[in-house]
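> Have a look; sequence and predicted model below, questions after that.
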Amino acid sequence: MPIKSIHLSVAHDNEHLAERLNMDSAPARGWAATMSFYAALHYVEAFFSTKGSHSADHRTRDSNLCRYNETLKIYDEFCELKNISTSARYFGRYPNKTEFSVAVAPALQTVKTEMEKCL
């Protein structure tokens with residue numbers, strides 16, 4: 001089970017790599033959305049690690065999100081990131097520039113900010 005510092009490092013790595021992609025490219029926006037989702041995932045798992053918890057898979061994580069008031073606050077944003085990432089990865093539906101700036105970036109920022117308050 002990774003520790004908080006590893007989760008935070010991986011979250012930052014995903015964020016920084018996403019920022020380097022060419023957002024004029026639809027597939028790059030899809031991968032940036034996916035990296036944003038995985039950054040959010042690692043912020044959440046960093047929080048879970050402070051509770052002695054770990055999610056072995058997405059289904060368990062979804063359940064764990066409902067266990068804590070801190071993660072209930074960001075549940076909608078987390079699910080939005082997950083849905084956009086899934087649509088990009090499995091269905092080739094890449095977010096347009098507006099969707100990325102209105103949905104993806106703010107959702108990640110909310111997850112990051114709320115989880116950092118708890119760490």
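Yes, it's here. What you are looking at is a predicted structure, and each value in this text was computed from that prediction instead of being measured.

> so for the longest helix seen in the chain, what's the average pLDDT?
If each helix of the chain is counted by residues according to DSSP state H, the longest one is helix 26-50. The predicted model gives helix 26-50 an average pLDDT of 98.

> and that helix, which residues are buried?
Buried residues in helix 26-50, counted by 16 or more other C-beta atoms under 10 Å: 29-49. Every C-beta, even on glycine, is put in place using the N, C-alpha and C of the backbone.

> same question, stretch 88-108
For stretch 88-108, the buried set under the neighbour-count rule, 16+ other C-beta under 10 Å, comprises 88, 94, 95, 100, 103, 104, 107, 108.

> JSON lines for those, including pLDDT and secondary structure?
Below are these laid out as JSON lines (pLDDT from 0 to 100; DSSP: H, G, I helix; E, B strand; the rest coil):
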{"residue": "88", "pLDDT": "98", "secondary structure": "helix"}
{"residue": "94", "pLDDT": "98", "secondary structure": "coil"}
{"residue": "95", "pLDDT": "98", "secondary structure": "coil"}
{"residue": "100", "pLDDT": "98", "secondary structure": "helix"}
{"residue": "103", "pLDDT": "98", "secondary structure": "helix"}
{"residue": "104", "pLDDT": "98", "secondary structure": "helix"}
{"residue": "107", "pLDDT": "98", "secondary structure": "helix"}
{"residue": "108", "pLDDT": "98", "secondary structure": "helix"}
